[in-house]
Every structure is written in C-alpha cells, then in structure tokens.
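Q: below is the structure, and that's it, no one-letter string:
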C-alpha cells in the first residue's frame, strides 16, 4: 500500500481484532461482557475502514495543493461522516475523477466483488443498527472476515488513486 499511515491504521486494527478474538475465547459466549466486546469490534473495524478510505482519497487529492483546496478537502472528506459502503466510495471517486471509478471497477472485477461489497455492507449495517439502539449479533470471526475484505477494498482504492493514467 502506498499510504503508509492508512496501512498502519489497518494493521493496528487487525492486531486489536485478534486480541479481541483471544479475549472472547477466554470469556466464553455466556459471559456478560461478550456482546459488548463483539459490538466494539464491529465499531472498531468499520471505523478503521472509514478512516482509511477517506484518508487515502484526501491525502492524494490535497497533495501539493494550496491552503484553500486543503481546507475544502478537510471539511468535505476528512471530517465528513461516510459509511464505507461501495456506492459512497464509488461516488466520491467519481466526484474527483471518473477514471478513478472506472479503474476501481476494473480492479474489483479481478476480485470477488459481491463478497467485498457484502462485507462492507454487513459491517456498516451492524454498526448502524447498534448506533440506533438495535442489537446486532455479529460474531468476531465474521467481523474479522468482513474487515479483511474491507482491507482488500482499501488496497485496491490506494492502487487506483496512485495509478498513472498518463502512461
């Protein structure tokens, strides 16, 4: 990945999810804190994907720009709340460069697009359900699997925004 800061964010989250998995094994499914720890894992995973996707795009777009453009990107991308769903990622790419969206689609065609899209949707839906008073029950294995698919999406996204279209 070209964006080292995002790479570190994702590695830190993956490590934390592995620690949560170990904790949950030790606690067992019947322990009182288990449902809360599982919900935290969903929030942590989704948040890391959201921060990563916004930062990959924002870092590339405001690279070498004047202060006004940097301020605009800060407010419209970095500080905005985006659920990291495929449609939102694709829309944001299109707003900056249609070629980015086309390349994103091209690279996703080499992967299991439905699985990647479904993983992001599942994480976002579980996070939103919990945030709005619901009680999602997503196991740690599923959370980690969805997170790993989200990492694949961000790796592709990073490749897209760094692709040299002039070659």
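A: Arrived safely, thanks for sending. Just so it is clear, the model here is predicted, and its values are computed rather than measured.

Q: which residue is nearest the middle of the protein?
A: Centroid-nearest residue in the chain, with C-alpha atoms, centre = their mean: residue 49, separated by 1.9 Å.

Q: host element of it?
A: Under DSSP states H and E, the secondary-structure element containing residue 49 is helix 34-61.

Q: pull the distance from the helix or strand following that helix to the chain's centre.
A: Taking DSSP H and E as the definition, the helix or strand that follows helix 34-61 towards the C-terminus is helix 67-73. With C-alpha atoms, centre = their mean, to the nearest Å as the basis, helix 67-73 stands 23 Å off its chain's centre.

Q: name the helices or strands packed onto helix 67-73?
A: Using 3 or more C-beta pairs under 8 Å, 6 or more residues apart in numbering; DSSP states H and E as the contact criterion, the secondary-structure elements in contact with helix 67-73 are helix 34-61. To be clear about C-beta, it is placed using only N, CA and C from the backbone, and glycine gets the same treatment.

Q: circling back to that earlier point, leaving out the residues flanking it, which one is nearest to the residue nearest to the centre of the chain?
A: Leaving aside its chain neighbours, residue 49 sits nearest to residue 150 (4.1 Å; criterion: C-beta to C-beta, 6 or more residues apart in numbering).

Q: and if you look at residue 128?
A: Using C-beta to C-beta, 6+ apart and skipping the chain neighbours, the partner closest in space to residue 128 is residue 83 (7.1 Å).

Q: distance of the one you found relative to residue 163?
A: Computed with C-beta to C-beta, to the nearest Å, the distance linking residue 83 and residue 163 is 25 Å.
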